[in-house]
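K.L.:
fold the following and give me the result.
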Amino acid sequence: MALRNKNGKWHYRFQLDGRNYAGSTSLAATQRNESAALRKEIEHRTALLEGHAPTKRVAVREFNTAAKEFFEWTLANYRDHPNSSRRIRVSLASAIVFFARQPVSAIDEGRIEAYKTWRVNEHKVRDITLRHDLHALSTFFKYAMQQNWTRDNPIRRVKIPSEGDAVRIHVLTPEEEKKYFSFAERRRDLFDLGRLMLNQGMRPEEALTLGSSDVDLERGQLQIRWGKSTAARRTLDLTPESREILARRMTAAESSWIFPASRKAGEHVARLNNAHNAVCEKAGLAFVLYDLRHTFATRMAQAGIDLATLAAILGHSSIRIVQRYVHPTEEHKKAAMATYAETMRKSQAANLQFDWQHASEKVN
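P.N.:
Numbering: from 1, shown residues only. Have a look, this model is predicted:
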């Protein structure tokens, strides 16, 4: 058995079955700690002889400090999909406030349930938001386990709203649209963002990360260069209203961003979400900003746009995903049945005419 002082800590090294093993005891290299350090070496050797790896001591990390390290990891891990990193940061913003300086290893399912209650009661979040928050936390705890900050992912024992329960889509009526934008008119960033989403079907973060170089007013197009998938990176043709909004903002802008603001992840989206909530409260409406994209998708489907084309415009790789966004109204279904009935009538009339001509030919 051999101990050595390395950077002020006791480290051990031994040989077993022709192989060398070494490790840190995490104990200060003092004479007082020498016996305890030797016991750690014996524990490691015994564990190997019994056929399993020794259990490492959990490193204590406060949640807010650990979250900063985790965010650095997301930037590298999702470098090809930066919006994924941004969404995780936004989803964890409330968790940083709630858990603050609590050790990551001390957060169990009971604390997670308390966090869920706090989000619902304090912030009035919907199931879809809670679902996103919990999935972001689960990703954090998986990373924390790899870093040995905890031995467990408590999210595994917590009920997460199902996708079916969490998806709450509201399609604006023309009356709701008019009322919302009349109240939003004084909040220029919110107004312009909302109109672009309703005209182009973009996600909020896609519009907010547009630069002047992404817009070609002569061709009437814009490019979305960043996205979580190849399908999300796409070129959109501009409606006349979108063209007017972008031209005005590009002329007035003092930076290369269409929506100049702090580029810190999530801050701009959070500010506009707060502005949106304030407008909805004044207007007596209840929907989330993302519902403007849902409204675009539903209106496109009602206009007869096929789902494959709509999927490409929305930046989805699957028609199945688009079907979540499309919610035909009763009027739309009634019109579809009327169109089908008219098609059947014409088909039957054509068949009758064919039968009559065929019979005439036989008689002659």
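K.L.:
how close does the residue minimising distance to the centre of the chain get to Leu130?
P.N.:
Central residue of the chain (Cα atoms, centre = their mean): Arg87, 4.6 Å from the mean position. Taking Cβ to Cβ, to the nearest Å as the measure, Arg87 falls 14 Å from Leu130. Every C-beta, even on glycine, is put in place using the N, C-alpha and C of the backbone.
K.L.:
which non-adjacent residue is nearest Leu49?
P.N.:
Leaving out its chain neighbours, the residue that sits closest to Leu49 by Cβ to Cβ, 6 or more residues apart in numbering is Leu16, at 7.6 Å.
K.L.:
if you could redo that for Phe63, that was the one I meant.
P.N.:
The spatially closest residue to Phe63, leaving aside those adjacent along the chain, is Phe99, at 3.9 Å (Cβ to Cβ, 6+ apart).
K.L.:
then Ala283?
P.N.:
Nearest non-adjacent residue to Ala283, counting by Cβ to Cβ, 6+ apart: Phe183, 4.4 Å away.
K.L.:
what mean pLDDT does the strand or helix carrying that neighbour have?
P.N.:
Phe183 belongs to helix 174-184 when assigned by DSSP states H and E. What helix 174-184 shows for mean pLDDT is 95.
K.L.:
give the residue spans of the protein that score low on pLDDT.
P.N.:
Counting by pLDDT under 70, the chain contains low-confidence ranges at 1, 52-56, 163-168, 228, 262-267, 325-329, 352-364.
K.L.:
so what secondary structure elements neighbour the top strand by length along it?
P.N.:
Identified as the longest strand of the chain according to DSSP state E is strand 19-28. Under the contact criterion of 3 or more Cβ pairs under 8 Å, 6 or more residues apart in numbering; DSSP states H and E, strand 19-28 touches strand 9-16, helix 34-49.
K.L.:
okay, those in CSV with mean neighbour count and distance to Thr74 next?
P.N.:
As requested, the helices and strands packed on strand 19-28 are exported to CSV (neighbours: other Cβ atoms under 10 Å; distance: least, Cβ to Cβ, whole Å):
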stretch, mean neighbour count, distance to Thr74
strand 9-16, 16, 31
helix 34-49, 15, 33
